[in-house]
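Undergrad: Sequence first, then the predicted structure:
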Amino acid sequence: MGADTGSIFGASPEARARAICDASTVDVQPLAVRRWPIVVCAAVWVIVVASIIAAVLLERRLHEVGRGDLALPAVVIGVYVAAIMSSGAVGTALAVRRAVHPVGWSFVALATFLAAGLSLDLYARYGAVARPGSLPGADATAHFLDPIFLAFFASVAVVLHLTPTGRPLSPRWGRAARATVATAGLAYVGGVLSDRPIDPPFSEIENPLAVSALGDLFVVVREIGSMLTAVGLLVGAASLVVRFRRSTGADRQQLLWLVLAAAPLPLFVVIAFAFRNANNEVPLLLATGGWIVLVPVATGLSIGRYHLFDVDRILSRTFTYTLLSAVVVVIYASVVVLTGEALSGRAGSSTIAAVLGTFAAMSMVAPARRAIQSALDRRFNRRRFDALGVVGQHLRSPAAGRTIDDVLRQALGDPTLRVAYWVEDRSQWVSSDGWTARPAPETVEVRRGLVPVARLSFDESRVTRQITEAVAALALAELDNARLRAAISFQLVEVHESRARIATAQMAERRRIERNLHDGAQQRLLALGFELKAAQLNGDPKRLEAAVAIGLEQAHAALNELRDLANGLHPSVLSDGGLAAALDDLAGRTPGLLMVRCSEERFPPDVEAAAWFVICEAVSNAFKHAAPSMVTVEVDEDEGWLTVEVRDDGSGGANPAGTGLQGIRDRGEAAGGCLKVESSPSAGTTVRLRLPCGQ
């Protein structure tokens, strides 16, 4: 966390801003990737709950020893708990969902400080005032906690500077944020090391940490640092207002929630300092706690207002953890009181009561959280709750013949919803039945790690993006299975289409041969027959001799045409000399520069024929459409696979779905191979075919 927090005050890369703010996709990471934020937040909540329990026990001890006057008023406890729950719940939601966003961790730290401060304050009241010397380090704890409000001020100032993007408005504002943190740290050190009396009820407690020789200096450092920290807090609010004024449209609406909470911040600061100087603790805590409660909720709404989070979900989680904490405290207190009454007068009764209370409270956490969360989810966003319920029911007990596409349409109430699945090896989107799909630009994309799984195209007038994202995330595993089935269906569709194209190409080739025979050799032979017949009927020996000479010439020409036609079907040089000889012959007949690299090794006839026709078509397409200065043909064999590569340095821009390249692909796949086409204006076009050659 330290490294991330250190970098956020400077000029952050655009990639970091996009990583924090981009929510156009539902990036569903594996659980292992998100485990560390969950573990950290769980540890924080253990500290928070333990601190609250410790505070309850210390409050009870103060009353038992007759020092109820030292106990904190109920309203102060309420403000503390509200501030802890507000900061902790919002911080946990942000940290788990966006671990790189520093604001979430700022709130997690703030909740930890507040919870620890509550229990340590009561620890000092009991150990330093009610029963002096009964608890170790109680005097130092009192002086250690006195300037802790500076940490609260600095934390909120940082949040105001970094919301909602996770980076300050500019490097200048970043320096202001750093200065606020630095002055708060100096003021805190000055407060801890000064020998000045602190606020009641600790005004008579001497500071064991004081440096008496520099006492006056530390007092000045604390006072000046406290004022500068307060100014820094106001500067943070000013940076938020400036960011709000510079933003437009959705960005401005995104900041509206926090601006509304930050607007009365100067009043809170003035009230806090006024009552602190007047040693009036309750108004001080109410004023300080007021904005500590409001700012996390408003920040969560600002960050989550547009696509980063569901506002309803943040509110639901906040209320869930607040109510859960209240339930845990009530259960613990009830068990402790009842057990204490039952075991009154026995040795160790308080310890037994505390252990039983802790066990009872912890055993109820999981079922209470599920019950509260379910009730609040149904209350805050009934449609989202019902949609997730439909998908969850299908995942638990899928109905035969019902696809995940149908389930999503029912869950979202959108009959127009379409799901496109990503076929990675073809880099193509397809429908569930294998046909090519073209998702609309405005879709929800589901990923597993960095690999796309599916895109959901939906009608925004029927269902919101947030609900669609939540449902898609829940159905990720089933969508991934559907993607695999769609890839198989896509291959079957390709086979069907390829067979249809091959049959069509064969028919067209037959008609071309018929036309060439009719227009070429057939016409020459017919003309030759008529000429010889006319000479025979005429009877003139000279004319007959001339007709025979012309007939020989026409017969030779017809023979050449028939040979060329036969070579087009299957050249004799390919059968006699193999692929290398046929390519040498092709290089001699090609109108442009053709470089060939091919071994003399022979391959099965069907493999050589497939490779030959693919090479001929690719070379012909290159010289016909790309105007290259050179075309290179390379043929290699490796571990039973024949690799054919045709490269040109032409204009590029070849369309893999075009008629010529599609015919090449069909011929290669019919021979059991696979073909890949790469084309760009700067690098020309490369056609690469791999064929099983059984070597």
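TA: Good, I have the coordinates. Numbers count the residues shown, from 1 in each chain.

Undergrad: C-alpha from now on. contacts and neighbour counts both.
TA: Noted.

Undergrad: Now Val419, what are its backbone angles?
TA: When read as degrees, to the nearest 10, the backbone of Val419 gives phi -120, psi 130.

Undergrad: Contact partners for it?
TA: Counting by Cα atoms under 8 Å, 6 or more residues apart in numbering, Val419 touches 405, 431-432, 454-457.

Undergrad: so what pLDDT did it get?
TA: We have a pLDDT of 89 for Val419.

Undergrad: ok, which pair from the contacts of Val419 is furthest apart?
TA: Ser432 and Ser457 (13.6 Å; Cα to Cα).

Undergrad: of all the contacts of Val419, which comes closest to Ser247?
TA: Ser457 (29.5 Å).

Undergrad: Identify the bridge partners of the closest one.
TA: On the basis of DSSP bridges, Ser457 is bridged to Arg418.

Undergrad: Quick check on Ser432 and Ser457: which one has the bigger neighbour count.
TA: Ser432 (24 against 20; other Cα atoms under 10 Å).

Undergrad: give me the element the more buried one is part of.
TA: Assigned by DSSP states H and E, Ser432 belongs to no helix or strand.

Undergrad: For the stretch 301-450 of the chain, give me the ranges with low pLDDT.
TA: Low-confidence segments of the stretch 301-450 of the chain (pLDDT under 70): 301-319, 321-322, 344-350, 376-381, 441-442.

Undergrad: rewinding a little: would TSV of the contacts of Val419 with distance to Phe385 be doable?
TA: Converted to TSV, the contacts of Val419 look like this (distance: Cα to Cα, whole Å):
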residue	distance to Phe385
Asp405	19
Ser431	28
Ser432	26
Ala454	22
Arg455	22
Leu456	19
Ser457	21
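
Undergrad: For the buried ones among those, write the corresponding PyMOL selection.
TA: Listed next is the PyMOL selection for buried residues among these, using 16 or more other Cα atoms under 10 Å:
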select buried, resi 405+431+432+454+455+456+457
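
Undergrad: wait, doesn't Thr180 sit right on Leu228?
TA: Yes. If you go by Cα atoms under 8 Å, Thr180 and Leu228 touch, sitting 7.2 Å apart.

Undergrad: what about Arg383, distance to Gln410?
TA: 12 Å (Cα to Cα, to the nearest Å).

Undergrad: any idea which element Ala237 lies in?
TA: Secondary structure (DSSP H and E) places Ala237 in helix 215-246.

Undergrad: how about that helix: buried residues?
TA: 215, 218-219, 221-222, 224-226, 228-241, 243-244.

Undergrad: ok, now stretch 413-430?
TA: Buried residues in stretch 413-430 (16+ other Cα under 10 Å): 414, 417-423, 429-430.

Undergrad: hmm, back to that, from the contacts of Val419, which is closest to Val633?
TA: For the contacts of Val419, the nearest to Val633 is Ser431 (37.0 Å; Cα to Cα).

Undergrad: tell me which strands and helices the host helix or strand of Val471 is in contact with?
TA: Applying DSSP H and E as the criterion places Val471 in helix 465-474. Counting contacts by 3 or more Cα pairs under 8 Å, 6 or more residues apart in numbering; DSSP states H and E, helix 465-474 packs against strand 25-28, helix 382-396, helix 404-412, strand 444-448.

Undergrad: Show the low-confidence segments of the stretch 1-150 of the chain, by residue range.
TA: 1-34, 75.

Undergrad: what about Met595, is that helix, strand or coil?
TA: At Met595 the chain is in strand, as set by DSSP: H, G, I helix; E, B strand; the rest coil.

Undergrad: doesn't Ser629 make contact with it?
TA: No. Taking contacts as Cα under 8 Å, Met595 lies outside contact range of Ser629: 11.0 Å.

Undergrad: returning to what we had before: and the angle from the helix holding Val471 to strand 444-448?
TA: The directions of helix 465-474 and strand 444-448 differ by 30 degrees, with axes from the mean of the first three to the mean of the last three Cα atoms, to 10 degrees as the criterion.

Undergrad: What mean pLDDT does helix 465-474 get?
TA: On average, helix 465-474 scores 84.

Undergrad: Tell me if I am right that Asn207 is in a strand.
TA: No. Counting by three-state DSSP, Asn207 is located in no strand; its state is coil.

Undergrad: What residues does it make contact with?
TA: Going by Cα under 8 Å, 6+ apart, Asn207 touches 139-140, 143, 193-195.

Undergrad: For the residues you listed, name the two members farthest from one another.
TA: For these, the maximum inter-member distance is 13.9 Å, found between Asp139 and Ser194 (Cα to Cα).

Undergrad: quick one: which of these two has more around it?
TA: The residue with more neighbours, out of Asp139 and Ser194, is Ser194; 26 against 23, by other Cα under 10 Å.

Undergrad: What's the separation between the more buried one and Asp216?
TA: In terms of Cα to Cα, Ser194 sits 7 Å off from Asp216.

Undergrad: Equivalent analysis for Leu689, please.
TA: On the measure of Cα to Cα, Leu689 and Asp216 end up 84 Å apart.

Undergrad: So what's the gap between stretch 418-432 and the chain middle?
TA: 19 Å (Cα atoms, centre = their mean, to the nearest Å).

Undergrad: First-to-last residue distance for that stretch?
TA: 10 Å.

Undergrad: One more: stretch 159-175?
TA: For stretch 159-175, the end-to-end distance is 14 Å (Cα to Cα).

Undergrad: Tell me which residues of it come out buried.
TA: 159-170, 173-174.

Undergrad: any idea which of those residues is closest to Gly684?
TA: Once Cα to Cα is applied, the member of the buried residues of stretch 159-175 that ends up nearest Gly684 is Thr165, at 41.9 Å.

Undergrad: hang on, Gly215 packs against Val192?
TA: No. Gly215 lies out of contact with Val192 (Cα under 8 Å); the separation is 10.4 Å.

Undergrad: sorry, back to before: more neighbours, Met595 and Ser629?
TA: Met595 (15 against 12).

Undergrad: tell me the pLDDT at that one?
TA: pLDDT at Met595 comes out at 90.

Undergrad: Also Leu691?
TA: 86.
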